[in-house]
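Asker: Have a look; sequence and predicted model below, questions after that.
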Amino acid sequence: MTLNQYIRDIQDFPKEGVVFKDITPLLANPKAVRECMALLMNNLKDRKIDKVVGVESRGFFFATLIAYELGVGFVPVRKPKKLPFDTISASYELEYGTDTLEVHTDAIKPGDRVLIHDDVLATGGTVKAVCELVEKLGGEIVQCNFLMELSFLHGRDKISKQEVYAPLVY
């Protein structure tokens with residue numbers, strides 16, 4: 001199976017000049033989802049992970065499945081004012097603006113081994129902010145993993161000390 005066939009390019013979304021990689025066709029195909037999960041889980045063999053952090057919103061889809069398969073907790077990282085308890089936040093730049101992310105203060109304990117998952121590694125600003133949140137709470141980042149990487153945007157440079165995995169690279 002070629003997973004690329006389930007990733008749809010949307011021109012000029014969310015703003016002119018951006019080519020958005022839409023994963024909804026992939027999510028609608030159970031075989032494609034199983035193939036993605038096989039690739040993501042195979043990459044995690046023999047890893048000790050305590051928590052899987054999923055980044056709002058598309059990162060939630062596979063992060064929850066990964067956490068389920070590993071038998072560990074899922075931690076949502078969300079946009080401001082979406083989480084009901086005490087939070088910490090980090091701001092970041094992305095390819096089309098700036099934003100802020102938050103996580104509950106009790107979601108990650110010192111020493112927790114954390115896998116960070118999002119749908120795409122683009123410029124690296126989002127995942128860099130998530131790494132800052134995890135480390136501020138005392139978590140140890142095992143890996144940053146993604147469904148796809150837009151390598152031409154050099155997002156890995158912003159998280160160069162982290163191990164990165166993405167089965168699809170553009």
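Answerer: On my side now, so go ahead.
Asker: in the sheet, who's paired with the residue nearest to the spatial centre of the chain?
Answerer: Within the chain, one residue has its C-alpha closest to the average C-alpha position: by CA atoms, centre = their mean, that is Asp118, at 1.5 Å. Following DSSP bridges, Asp118 is listed with bridge partners Phe146.
Asker: so it touches Gly54, yeah?
Answerer: Yes - under the contact definition of CB atoms under 8 Å, Asp118 touches Gly54, with a separation of 7.4 Å. No exception for glycine: its C-beta is placed from N, CA and C like everyone else's.
Asker: Could you name every residue contacting both of the two?
Answerer: Both Asp118 and Gly54 are contacted by Ala63, under the criterion CB atoms under 8 Å, 6 or more residues apart in numbering.
Asker: circling back: mind listing what the residue nearest to the centre of the chain touches?
Answerer: Contact criterion CB under 8 Å, 6+ apart gives Gly54, Val55, Arg58, Gly59, Ala63, Thr126, Val127, Val130, Cys144, Phe146 as the residues in contact with Asp118.
Asker: for the fifth one, helix, strand, or coil?
Answerer: Recorded secondary structure, Ala63: helix (DSSP: H, G, I helix; E, B strand; the rest coil).
Asker: Give the phi and psi angles for the residue nearest to it when sequence neighbours are not counted, as a check.
Answerer: Spatial nearest neighbour of Ala63, chain neighbours left out: Gly54 (2.8 Å); criterion: CB to CB, 6 or more residues apart in numbering. Main-chain dihedrals, Gly54, degrees, to the nearest 10: phi -110, psi 140.
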